[in-house]
Structures are given as C-alpha cells and as structure tokens.
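Asks: here is a sequence with its predicted model. Questions after.
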Amino acid sequence: MLTAEQDARERRAAWAMLVLCPLSFLGISVFSFIGVAPGIEAGHDAIYLEATCFAWAIVSMLLPILRLARLVSMPPSFLLVVYGNMYFYVISLNLGYYMSISWWGDMGHVISSTIVSLTVFIALCIMECHSPPHVTFGRRYGMVAMLFLVALSFGGIWEMMEGFADFAGGNSYMVYGASDTMGDLTADLLGVAIVCICAYVYLGKHTPEDISSTVRFGRAAFEIEDR
C-alpha cells in the first residue's frame, strides 16, 4: 500500500512528465518545421522528422496517464531507461546521426529492442502472476518463447509505422530501401535475443513474482494506507 506522501510525490512526478515530455518533443519538431534541423541536411524528409516527434509526444503521455488514473506504476529506474531511449532516438534522428553515422541506426535498434523486450517481459510476468492457476506459460521455456515472439513483433510494427510516415510525407514506402529495413529487423532480433537469454537465466533462479512485485498494477495496488 502507498503512503499519502508517496502517492502525492508520484502524482506530482506524473503531472510533470505529462506536461514536459510532450512539450519537449514538440519543441524538437520546431527545428524541422522551420527547416534548420541537421537531420534534414543529412537526408531525412522534414515531414518524417515532424511526424516522429508528434508520435513520441503522444507515446510519452501513456505512462503518466496510467499512473494518474491509478492503473499502472513503473519503477523510476525503468522510466528513466524508457524515456532516455525515447529522447535518444528523437534527438539522434533530428541531428541526422542515423544517416551520417553508418552504425548508429543498428545500435539504436538494438537498444530500443532490448527495452521493448524488457517491457514485454515485465508484462508477461504480471500476466503470469494475475492469471488463474490453470492459465500459465508453464515452465520458463514457455515464458521465453512467448517473450521472443511478442517482442520481435514490435520490430515489424515499427517498420510499418515508418512506412506510414513515408506515405504521410508523400514518399514511396521503404524510402530508405529494403536493406535498411532488413538491417533494422536484424538489429531488433539481436536485441530480443539478448533479453531472452537474460530472461531464461534469470527465471532459473527467480520467479515472475520477483518482477511483478516491482510494478503496481490495478487500482487495489494504489490504496492509501491509514495512519
């Protein structure tokens, strides 16, 4: 259960994130809107940079809204890693690093896929702990197999989002080429594989409850303790 002080502190942090994160992403988009973002000179289309900033502005609101609605609360360390990766991607894109530095895109996709995979792993652990006894993933093989399939699918979803951004900007699909898309998917596979191996080893000595206990999920977890 939460203390009133802890609840108030977390709600203040959530409100700050809900306001500052979207505004900062939209602020970054101003540089591409006025045509001075280095990413445009590097080869990115301005509308692609703007659409990316707008999309991440919306995504950045999800976790604060869930916390304010008393539905989900993630550990501060997890939030730091996730939001750090958001800014890493958006800033790197607008600076043109994905075009000017050959290995930057692959590194970015490996980092992103590991964070997505960690998020999926946490979600699967929560599902395992809140499901009826007869509905589980079985042994750790089942958990890791589901983790691999679900986490890897996000790489394909991301590439489809990039295709939509190309369409919105009036470009043909896969404007950066099939080799870029396949390279991204290969990097995603590497990130997912790293997390799957770590999850398999972790579950050999720990249980899903150890992960689930670090996350507040459901309104009952946000009850304020009486003093």
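Replies: Yep, that arrived. On a predicted model such as this, the values are computed, not experimentally measured, just so you know.

Asks: mind listing the strands for this protein?
Replies: 72-73, 216-217 (DSSP state E).

Asks: which residues touch the first one?
Replies: To tie it back to what came earlier, the one meant is strand 72-73. For strand 72-73, contacts defined as CB atoms under 8 Å, 6 or more residues apart in numbering pick out 10, 63, 66, 67, 215, 216, 217, 221, 222. To be clear about C-beta, it is placed using only N, CA and C from the backbone, and glycine gets the same treatment.

Asks: CSV for the residues you listed, including neighbour count?
Replies: As requested, the contacts of strand 72-73 are arranged in CSV below (neighbours: other CB atoms under 10 Å):
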residue, neighbour count
10, 17
63, 20
66, 16
67, 22
215, 17
216, 20
217, 19
221, 14
222, 18
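
Asks: nearest to residue 116 among these?
Replies: Residue 116 lies nearest to residue 63 out of those, by CB to CB, at 14.1 Å.

Asks: now do the same for the closest one: its pLDDT.
Replies: On pLDDT, residue 63 comes in at 95.

Asks: how close does it sit to residue 17?
Replies: Note on residue 63: its distance to residue 17, by CB to CB, to the nearest Å, is 7 Å.

Asks: now the common contact residues for the two.
Replies: Common contact partners of residue 63 and residue 17 (CB under 8 Å, 6+ apart): residue 79.

Asks: for stretch 218-227, buried residues please.
Replies: In terms of neighbour count (16 or more other CB atoms under 10 Å), stretch 218-227 has its buried residues at residue 222.

Asks: and the residue nearest to residue 59 when sequence neighbours are not counted, what does it touch?
Replies: In this structure, residue 59 finds its nearest non-sequential neighbour in residue 86, 7.3 Å apart by CB to CB, 6 or more residues apart in numbering. Contact analysis of residue 86 by CB under 8 Å, 6+ apart lists 21, 25, 56, 59, 60.

Asks: leaving out chain neighbours, which residue sits closest to residue 112?
Replies: Using CB to CB, 6+ apart, the closest residue to residue 112 is residue 85 (6.0 Å).

Asks: returning to what we had before: state the pLDDT value of the residue nearest to residue 59.
Replies: As summarised for this prediction, residue 86 has a pLDDT of 93.

Asks: and the least confident helix or strand in the chain by mean pLDDT, how far from the chain's centre?
Replies: In the chain, the helix or strand scored least confidently by mean pLDDT, DSSP states H and E is helix 140-168, which has a mean of 80. Centre-to-centre, helix 140-168 and its host chain are 11 Å apart (CA atoms, centre = their mean, to the nearest Å).

Asks: could you say what helices and strands it packs with?
Replies: On a contact count with 3 or more CB pairs under 8 Å, 6 or more residues apart in numbering; DSSP states H and E, helix 140-168 meets helix 46-59, helix 104-130, helix 178-205.

Asks: out of those helices, which gets nearest to residue 154?
Replies: Minimum separation from residue 154 across the helices and strands packed on helix 140-168 (CB to CB) falls at helix 104-130, 4.9 Å.

Asks: residue 187 reaches residue 106, doesn't it?
Replies: Yes: applying CB atoms under 8 Å as the test, residue 187 and residue 106 come out as touching, 4.5 Å apart.

Asks: between the two, which has more neighbouring residues?
Replies: More neighbours surround residue 187 than the other of residue 187 and residue 106, with 21 against 16 (other CB atoms under 10 Å).

Asks: may I have the residues that are in contact with the spatially most central residue of the chain?
Replies: For the chain, the residue nearest the mean C-alpha position is residue 116 (5.2 Å; CA atoms, centre = their mean). Residue 116 is in contact with 151, 154, 191, 192, counting by CB under 8 Å, 6+ apart.
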